[in-house]
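Student: please find the sequence and the predicted model below.
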Amino acid sequence: MNNISGPALSVIVPAYNAEATIRQCLEGVQASTFRDFELIVVDDCSTDRTADIVRSFACKLIRAPENLGPGRARNLGVAHASGRVFYFLDADILVKPGTFASAMNALESHPESSALFGSFEKDTPANNFVSKYKNLLHYYTHQTSREDAATFCGGFGMIRRGAFCEACGFDPKRRFMEDVDLGMRLYRTGHRIRLEKDLRVTHLKRYTFLSLIRSDVVGRAIPWTRLMLDSRVIRNDLNTRIHNVASVPVSFLLLAAVLVPNLWSPFGLPLCCAAMILIALNRGFFGFVRRERGFAFLLGAIPMCWFGYLYSAAGAGFAWCGYLRDRFAEDVAVPLRPPTSTAP
């Protein structure tokens, strides 16, 4: 990763079995009004037509020797990049013609920042309820979070070459939350990261109910909780704001009120009371959903939000158990210090 002369920007796209979205993604890149960039696609040992589709575009195609995961695939792309700035783009993201120019202008306007990332658009091409709900939640979370971030988004994020190399890139041991880990390491070493809320892209991903649970639990709740525990970086921002944390015990109280209603009646906490508290804690998001999608959509969004807290908390609990197990194993593995001899 030598700092040689080259284009201003290297756009790096890791792709694994992305035939459903990779063409639209690369067409968006090609339509960019910013032209001083190179396009590098890392085919992460796809078993579908991803590589064949990529070959029809003017780009540098790199075939990974094995399935590396997104973090190691991005590192492989960086090893072949010559740009002064890296823009990491997932294969299911559609940029606008002005995205790269706006991102470069934002980075130049904030020389104190080492990296930045943007936000999803409110709308997604996927038509099913689960995809629309998740996209709205992503958008609302980004749009209501701090501009000075302590994390990074590898799906549509930009970082200066020097900062990336100083941080030694993405952790190759991480298959999930590798971008959040990179952002935390940058933040802890004094680098500044910006959330540019006006820098919006379209998410092409289509969720099903089961794929959403798998993504949120395996790909987010478990690794993100473990990352926060290991790094001890927890902020009142993004998905860990006070109302999000407070919603977890309320969600379980509501579940108990549903499953065992007679248990709560002596204490004056009926089902409707727990539901009202949960709605009050998340009133900002629910108000946004009603304005954007109407009351009928909101009636589905409220139980989806409740269920999301339940399964995400279960994933976080699993991560806590793993953390405590590893800490206990470390303590047991520390050898006992031999007694100090008092002989002359």
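Tutor: Perfect, thanks for sending it.
Student: now for the residue lying closest to residue 142 once chain neighbours are set aside: which residues touch it?
Tutor: Using CB to CB, 6 or more residues apart in numbering and skipping residues adjacent in sequence, the residue nearest residue 142 is residue 119, 3.6 Å away. No exception for glycine: its C-beta is placed from N, CA and C like everyone else's. Taking CB atoms under 8 Å, 6 or more residues apart in numbering, we find residue 119 in contact with 138, 139, 142, 143, 195, 196, 197, 199, 200, 201.
Student: do you know the pLDDT at the last one?
Tutor: To tie it back to what came earlier, the one meant is residue 201. You'll see residue 201 listed with a pLDDT of 97.
Student: and if you look at the third one?
Tutor: According to the per-residue confidence, residue 142 scores 93 in pLDDT.
Student: and if you look at the fifth one?
Tutor: At residue 195 the predicted local distance difference test score is 95.
Student: these two touch, right, it and residue 116?
Tutor: Yes - using CB atoms under 8 Å, residue 195 is in contact with residue 116, at 7.2 Å.
Student: of those two, give the one with the bigger neighbour count.
Tutor: Between residue 195 and residue 116, counted using other CB atoms under 10 Å, residue 116 has the larger neighbour count: 25 against 22.
Student: mind checking how far the more buried one is from residue 142?
Tutor: Distance, residue 116 to residue 142, by CB to CB, to the nearest Å: 12 Å.
Student: what's the overlap in contacts for these two?
Tutor: Joint contacts of residue 116 and residue 142 (CB under 8 Å, 6+ apart) are residue 195.
Student: what sits up against the longest strand anywhere in the chain?
Tutor: Longest strand of the chain, by residue count under DSSP state E: strand 192-203. For strand 192-203, contacts defined as CB under 8 Å, 6+ apart pick out 92-96, 99, 102-103, 106, 110, 112-121, 123-125, 135, 138, 142-143, 145-152, 156, 183, 186-187.
Student: repeat that for stretch 63-76.
Tutor: Counting by CB under 8 Å, 6+ apart, 12, 14, 16, 42-45, 51, 62, 88, 90, 154, 169-172, 174-175, 178-179 sit against stretch 63-76.
Student: switch the cut-off to 7 Å
Tutor: For stretch 63-76, the surrounding residues in contact (CB atoms under 7 Å, 6 or more residues apart in numbering) are 12, 14, 16, 42-45, 51, 62, 88, 154, 169-172, 174-175, 178.
Student: show me which positions of stretch 168-175 end up buried.
Tutor: 169, 170, 171, 174, 175 (16 or more other CB atoms under 10 Å).
Student: now do the SS call for the first one.
Tutor: Read it as residue 169. coil (DSSP: H, G, I helix; E, B strand; the rest coil).
Student: show me the contacts for it.
Tutor: Counting by CB under 7 Å, 6+ apart, residue 169 touches 75, 78.
Student: go on, the fourth one?
Tutor: Residues in contact with residue 174 (CB under 7 Å, 6+ apart) are 71, 181.
Student: now the strands for the stretch 151-300 of the chain?
Tutor: Assigned by DSSP state E, counting those that start in this stretch, the stretch 151-300 of the chain shows strands spanning 156-160, 192-203.
Student: so which of these comes closest to residue 284?
Tutor: Residue 284 lies closest to strand 192-203 among the strands of the stretch 151-300 of the chain, at 15.4 Å (CB to CB).
Student: now the angle from that closest one to strand 156-160?
Tutor: 150 degrees (axes from the mean of the first three to the mean of the last three CA atoms, to 10 degrees).
Student: pull out the buried positions in strand 192-203.
Tutor: 192, 193, 194, 195, 196, 199, 200, 201, 202, 203.
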